[in-house]
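**Student:** Below is the sequence, then the predicted model.
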Amino acid sequence: MADGAPGPQDVVFIGDIHRQWHHIMRGLAQLPRLPHAAVLLGDIECDRPLDEVAAPLLDAGIAVHWICGNHDYDGGPEMWANLSDPARNPRTHAGRLNGCVREIGGLRIAGLSGTFRRRVWEPPLPRRLHSRDELADDVATLGDDWTQAQREAMAHALAAMAIWPEDYDALAGLRADVLVTHEAPSSHPQGAAMLDDLARMMGARLVIHGHHHVCYRARAEDGLHVQGVGAGWALGVDGAPWWPGEANRWLGALPRPWQQA
(Lines give C-alpha, C1' and ligand atoms only; values in the text may rest on other atoms or scores of the structure.)
Protein backbone atom coordinates (compact mmCIF):
# COMPACT_ATOMS: atom_id res chain seq x y z
CA MET A 1 0.00 0.00 0.00
CA ALA A 2 1.11 3.56 -0.68
CA ASP A 3 1.52 4.55 2.96
CA GLY A 4 3.53 1.45 3.78
CA ALA A 5 0.77 -0.14 5.86
CA PRO A 6 0.16 -3.88 5.29
CA GLY A 7 -2.53 -4.65 2.76
CA PRO A 8 -4.33 -7.67 1.26
CA GLN A 9 -1.20 -8.56 -0.71
CA ASP A 10 0.59 -9.13 2.60
CA VAL A 11 -1.72 -11.95 3.82
CA VAL A 12 -1.09 -15.64 3.07
CA PHE A 13 -3.51 -18.52 3.49
CA ILE A 14 -1.85 -21.80 4.45
CA GLY A 15 -3.48 -25.17 3.76
CA ASP A 16 -3.57 -28.23 6.00
CA ILE A 17 -0.18 -28.52 7.68
CA HIS A 18 -0.63 -31.95 9.34
CA ARG A 19 2.53 -31.38 11.40
CA GLN A 20 4.60 -30.91 8.23
CA TRP A 21 6.06 -27.57 9.21
CA HIS A 22 9.07 -28.09 6.92
CA HIS A 23 6.91 -26.77 4.05
CA ILE A 24 6.48 -23.49 5.91
CA MET A 25 10.10 -23.20 7.03
CA ARG A 26 11.41 -23.92 3.53
CA GLY A 27 8.92 -21.51 2.01
CA LEU A 28 9.76 -18.67 4.38
CA ALA A 29 13.49 -19.14 3.78
CA GLN A 30 13.04 -18.66 0.02
CA LEU A 31 10.83 -15.55 0.07
CA PRO A 32 12.26 -12.21 -1.05
CA ARG A 33 9.82 -10.51 1.35
CA LEU A 34 7.71 -11.83 4.21
CA PRO A 35 3.94 -11.63 4.57
CA HIS A 36 2.44 -9.56 7.36
CA ALA A 37 -0.10 -12.20 8.42
CA ALA A 38 -0.88 -15.89 7.90
CA VAL A 39 -4.25 -17.62 8.11
CA LEU A 40 -4.04 -21.36 8.88
CA LEU A 41 -6.95 -23.28 7.34
CA GLY A 42 -7.10 -26.15 9.84
CA ASP A 43 -5.72 -29.68 10.24
CA ILE A 44 -2.64 -28.33 11.98
CA GLU A 45 -2.47 -31.31 14.41
CA CYS A 46 -0.65 -29.59 17.26
CA ASP A 47 1.54 -32.14 19.04
CA ARG A 48 2.85 -29.12 20.98
CA PRO A 49 1.21 -25.76 21.67
CA LEU A 50 0.49 -23.73 18.57
CA ASP A 51 2.71 -20.95 19.89
CA GLU A 52 5.64 -23.39 19.73
CA VAL A 53 4.97 -25.09 16.41
CA ALA A 54 4.11 -21.79 14.70
CA ALA A 55 7.32 -20.16 15.93
CA PRO A 56 8.79 -20.00 12.37
CA LEU A 57 5.97 -17.60 11.50
CA LEU A 58 5.71 -15.75 14.81
CA ASP A 59 9.43 -15.20 15.22
CA ALA A 60 9.54 -13.72 11.72
CA GLY A 61 6.98 -11.11 12.81
CA ILE A 62 4.08 -12.77 10.96
CA ALA A 63 0.75 -12.61 12.81
CA VAL A 64 -0.98 -16.01 12.99
CA HIS A 65 -4.74 -16.46 12.62
CA TRP A 66 -6.41 -19.86 12.45
CA ILE A 67 -9.44 -22.08 12.18
CA CYS A 68 -9.52 -25.77 13.05
CA GLY A 69 -10.09 -28.78 10.81
CA ASN A 70 -11.46 -32.27 11.25
CA HIS A 71 -8.07 -33.71 12.30
CA ASP A 72 -7.23 -31.22 15.03
CA TYR A 73 -8.82 -33.51 17.63
CA ASP A 74 -7.16 -36.71 16.41
CA GLY A 75 -4.86 -36.69 19.45
CA GLY A 76 -7.78 -36.16 21.81
CA PRO A 77 -8.23 -33.36 24.36
CA GLU A 78 -4.48 -32.81 24.66
CA MET A 79 -4.07 -32.05 20.96
CA TRP A 80 -7.11 -29.80 21.07
CA ALA A 81 -5.76 -27.91 24.09
CA ASN A 82 -2.45 -27.45 22.29
CA LEU A 83 -4.37 -25.56 19.62
CA SER A 84 -7.07 -23.76 21.57
CA ASP A 85 -6.00 -23.26 25.20
CA PRO A 86 -5.17 -19.56 25.72
CA ALA A 87 -2.90 -20.38 28.66
CA ARG A 88 -0.72 -22.50 26.36
CA ASN A 89 -0.91 -20.03 23.49
CA PRO A 90 -0.68 -16.40 24.61
CA ARG A 91 0.73 -15.40 21.20
CA THR A 92 -1.83 -17.09 18.93
CA HIS A 93 -5.05 -17.35 20.94
CA ALA A 94 -6.26 -13.93 19.80
CA GLY A 95 -5.90 -15.15 16.21
CA ARG A 96 -8.74 -17.67 16.52
CA LEU A 97 -11.20 -16.88 13.71
CA ASN A 98 -14.09 -19.29 14.25
CA GLY A 99 -17.43 -17.49 14.35
CA CYS A 100 -16.04 -13.98 14.06
CA VAL A 101 -14.75 -11.37 11.62
CA ARG A 102 -11.35 -9.70 11.98
CA GLU A 103 -9.65 -7.06 9.88
CA ILE A 104 -6.39 -8.50 8.57
CA GLY A 105 -4.34 -6.55 6.05
CA GLY A 106 -7.31 -4.32 5.31
CA LEU A 107 -9.58 -7.30 4.61
CA ARG A 108 -12.56 -8.30 6.73
CA ILE A 109 -11.88 -12.02 7.11
CA ALA A 110 -14.46 -14.35 8.67
CA GLY A 111 -13.76 -17.88 9.87
CA LEU A 112 -15.81 -21.05 10.17
CA SER A 113 -14.02 -24.04 11.71
CA GLY A 114 -14.62 -27.75 11.36
CA THR A 115 -16.65 -29.99 9.07
CA PHE A 116 -20.28 -31.06 8.90
CA ARG A 117 -21.03 -33.94 11.29
CA ARG A 118 -24.17 -36.05 11.07
CA ARG A 119 -24.95 -35.89 14.77
CA VAL A 120 -25.03 -32.10 14.59
CA TRP A 121 -25.75 -31.06 11.01
CA GLU A 122 -25.15 -32.76 7.67
CA PRO A 123 -26.64 -30.70 4.81
CA PRO A 124 -28.84 -31.09 2.92
CA LEU A 125 -30.44 -32.85 5.90
CA PRO A 126 -32.04 -30.57 8.51
CA ARG A 127 -30.05 -29.48 11.56
CA ARG A 128 -30.23 -32.00 14.40
CA LEU A 129 -28.76 -29.63 16.98
CA HIS A 130 -28.33 -25.89 17.03
CA SER A 131 -25.99 -25.07 19.90
CA ARG A 132 -23.35 -26.77 22.01
CA ASP A 133 -25.64 -26.36 25.02
CA GLU A 134 -27.74 -29.23 23.62
CA LEU A 135 -24.89 -31.73 23.57
CA ALA A 136 -25.18 -33.08 27.12
CA ASP A 137 -28.82 -34.02 26.65
CA ASP A 138 -28.17 -35.42 23.20
CA VAL A 139 -25.30 -37.76 24.12
CA ALA A 140 -27.36 -38.93 27.10
CA THR A 141 -29.61 -40.66 24.53
CA LEU A 142 -26.77 -42.89 23.30
CA GLY A 143 -27.26 -46.59 23.97
CA ASP A 144 -26.36 -48.47 27.14
CA ASP A 145 -23.16 -49.74 25.51
CA TRP A 146 -21.74 -46.19 25.77
CA THR A 147 -19.89 -45.45 28.99
CA GLN A 148 -20.05 -42.04 30.60
CA ALA A 149 -16.45 -41.41 29.62
CA GLN A 150 -17.26 -42.23 25.99
CA ARG A 151 -20.27 -39.90 26.04
CA GLU A 152 -18.17 -37.07 27.40
CA ALA A 153 -15.46 -37.69 24.80
CA MET A 154 -18.05 -37.64 22.01
CA ALA A 155 -19.50 -34.37 23.28
CA HIS A 156 -16.11 -32.72 23.64
CA ALA A 157 -15.00 -33.78 20.15
CA LEU A 158 -18.23 -32.59 18.52
CA ALA A 159 -18.09 -29.27 20.35
CA ALA A 160 -14.61 -28.73 18.95
CA MET A 161 -14.76 -30.20 15.44
CA ALA A 162 -18.29 -29.87 14.06
CA ILE A 163 -19.68 -26.96 12.07
CA TRP A 164 -22.29 -25.64 14.47
CA PRO A 165 -25.46 -23.88 13.36
CA GLU A 166 -24.97 -21.34 16.16
CA ASP A 167 -21.62 -20.30 14.62
CA TYR A 168 -23.05 -20.30 11.09
CA ASP A 169 -26.00 -18.15 12.14
CA ALA A 170 -23.78 -15.72 14.04
CA LEU A 171 -21.64 -15.21 10.95
CA ALA A 172 -24.67 -14.84 8.67
CA GLY A 173 -25.50 -11.56 10.40
CA LEU A 174 -22.01 -10.10 9.87
CA ARG A 175 -20.23 -8.58 6.89
CA ALA A 176 -16.95 -9.83 5.44
CA ASP A 177 -14.79 -9.61 2.34
CA VAL A 178 -13.38 -13.15 2.65
CA LEU A 179 -14.78 -16.26 4.33
CA VAL A 180 -12.24 -18.91 5.33
CA THR A 181 -13.47 -22.43 6.01
CA HIS A 182 -12.03 -25.89 6.40
CA GLU A 183 -14.97 -27.60 4.71
CA ALA A 184 -15.33 -26.80 1.01
CA PRO A 185 -18.24 -24.98 -0.60
CA SER A 186 -20.03 -26.46 -3.61
CA SER A 187 -17.18 -25.56 -6.01
CA HIS A 188 -15.53 -28.80 -4.86
CA PRO A 189 -17.24 -32.09 -5.84
CA GLN A 190 -17.46 -33.00 -2.13
CA GLY A 191 -18.39 -29.52 -0.94
CA ALA A 192 -21.55 -28.05 0.58
CA ALA A 193 -23.71 -25.30 -0.93
CA MET A 194 -24.55 -24.05 2.57
CA LEU A 195 -21.11 -22.41 2.58
CA ASP A 196 -21.81 -20.64 -0.72
CA ASP A 197 -25.00 -19.34 0.87
CA LEU A 198 -23.15 -18.12 3.94
CA ALA A 199 -20.58 -16.21 1.88
CA ARG A 200 -23.34 -14.50 -0.07
CA MET A 201 -25.28 -13.58 3.08
CA MET A 202 -22.13 -11.97 4.46
CA GLY A 203 -21.38 -10.09 1.24
CA ALA A 204 -18.10 -11.99 0.82
CA ARG A 205 -16.79 -12.30 -2.72
CA LEU A 206 -14.20 -14.96 -1.94
CA VAL A 207 -14.21 -18.24 0.01
CA ILE A 208 -10.85 -19.82 0.85
CA HIS A 209 -10.81 -23.41 2.14
CA GLY A 210 -8.53 -26.30 2.96
CA HIS A 211 -9.47 -29.93 3.78
CA HIS A 212 -9.13 -31.44 0.28
CA HIS A 213 -5.39 -30.85 -0.28
CA VAL A 214 -5.77 -29.22 -3.69
CA CYS A 215 -5.08 -25.76 -5.07
CA TYR A 216 -7.69 -24.42 -7.48
CA ARG A 217 -9.66 -21.25 -8.21
CA ALA A 218 -13.33 -21.30 -9.24
CA ARG A 219 -15.90 -18.66 -10.14
CA ALA A 220 -19.71 -18.73 -9.92
CA GLU A 221 -22.01 -16.91 -12.31
CA ASP A 222 -22.67 -14.13 -9.80
CA GLY A 223 -18.95 -13.45 -9.32
CA LEU A 224 -18.38 -15.39 -6.10
CA HIS A 225 -14.87 -16.88 -6.16
CA VAL A 226 -13.56 -19.92 -4.28
CA GLN A 227 -9.94 -20.74 -3.68
CA GLY A 228 -8.81 -24.16 -2.50
CA VAL A 229 -5.39 -24.35 -0.84
CA GLY A 230 -3.30 -27.50 -0.93
CA ALA A 231 -1.64 -29.11 2.09
CA GLY A 232 1.25 -26.96 3.27
CA TRP A 233 0.80 -24.50 0.40
CA ALA A 234 0.61 -20.74 0.98
CA LEU A 235 -1.51 -18.74 -1.45
CA GLY A 236 -2.27 -15.05 -1.58
CA VAL A 237 -5.76 -13.57 -1.76
CA ASP A 238 -5.24 -13.37 -5.53
CA GLY A 239 -4.53 -17.09 -5.77
CA ALA A 240 -0.82 -16.66 -6.46
CA PRO A 241 1.43 -19.11 -4.59
CA TRP A 242 3.92 -17.84 -2.03
CA TRP A 243 5.39 -21.32 -1.67
CA PRO A 244 4.41 -24.91 -2.55
CA GLY A 245 3.52 -27.73 -0.20
CA GLU A 246 2.79 -31.38 -0.89
CA ALA A 247 1.68 -32.61 -4.31
CA ASN A 248 -1.88 -31.57 -5.07
CA ARG A 249 -4.59 -34.20 -5.11
CA TRP A 250 -6.72 -34.70 -8.20
CA LEU A 251 -9.71 -32.34 -8.36
CA GLY A 252 -11.47 -33.44 -11.52
CA ALA A 253 -14.12 -31.36 -13.23
CA LEU A 254 -15.72 -28.53 -11.29
CA PRO A 255 -19.41 -29.05 -10.54
CA ARG A 256 -21.77 -26.99 -12.66
CA PRO A 257 -22.21 -24.05 -12.83
CA TRP A 258 -18.74 -23.34 -11.40
CA GLN A 259 -15.98 -22.39 -13.84
CA GLN A 260 -12.21 -22.22 -13.55
CA ALA A 261 -11.12 -18.71 -12.59
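**Tutor:** Received, thanks. Numbers count the residues shown, from 1 in each chain.
**Student:** In space, what's closest to G99 - neighbours in sequence excluded?
**Tutor:** Closest residue in space to G99, ignoring its immediate chain neighbours: D167 at 4.1 Å, by C-beta to C-beta, 6 or more residues apart in numbering. From N, CA and C alone the C-beta is placed, and that goes for glycine too.
**Student:** which residues in the stretch 1-150 of the chain form helices?
**Tutor:** Under the criterion DSSP state H, counting those that start in this stretch, the stretch 1-150 of the chain contains helices at 22-30, 50-53, 55-58, 76-84, 135-139, 148-161.
**Student:** between the fourth one and helix 148-161, how many degrees?
**Tutor:** Going by axes from the mean of the first three to the mean of the last three C-alpha atoms, to 10 degrees, helix 76-84 is angled at 20 degrees with respect to helix 148-161.
**Student:** and helix 76-84, how far from the chain's centre?
**Tutor:** 16 Å (C-alpha atoms, centre = their mean, to the nearest Å).
**Student:** quick thing: my sequence starts at 22, can you match it?
**Tutor:** Okay, using 22 as the starting number, the last item reads as helix 97-105.
**Student:** May I see the buried residues of that helix?
**Tutor:** For helix 97-105, the neighbour count (16 or more other C-beta atoms under 10 Å) marks 100-105 as buried.
**Student:** same deal with the longest one?
**Tutor:** Buried residues in helix 169-182, defined by neighbour count with 16+ other C-beta under 10 Å: 172, 174-182.
**Student:** what does the third one give?
**Tutor:** Of the residues in helix 76-79, those with enough neighbours to count as buried (16+ other C-beta under 10 Å) are 76-79.
**Student:** Please apply the same query to stretch 81-96.
**Tutor:** Residues of stretch 81-96 classed as buried: 83-94 (neighbour count, 16+ other C-beta under 10 Å).
**Student:** And those residues, which is closest to P210?
**Tutor:** Closest to P210 out of the buried residues of stretch 81-96 is N91 (17.4 Å), distances taken as C-beta to C-beta.
**Student:** For the closest one, which non-adjacent residue is spatially closest?
**Tutor:** Going by C-beta to C-beta, 6+ apart, N91 has T136 as its nearest residue, at 4.5 Å.
**Student:** who's that neighbour bridged to?
**Tutor:** The partner list for T136 in beta bridges (DSSP bridges) reads A183.
**Student:** pretty sure it contacts L179?
**Tutor:** No - at 11.0 Å, T136 and L179 do not qualify as touching, with contact defined as C-beta atoms under 8 Å.
**Student:** In the protein, what residue spans correspond to strands?
**Tutor:** Assigned strands in the chain, in chain order: 32-35, 58-61, 84-87, 122-125, 128-133, 199-202, 227-230, 237-240, 246-249, 255-257, 262-264, 280-281 (criterion: DSSP state E).
**Student:** Return the closest of the buried residues of helix 97-105 with respect to G48.
**Tutor:** Nearest to G48 among those, with distances taken as C-beta to C-beta, is L104, at 21.3 Å.
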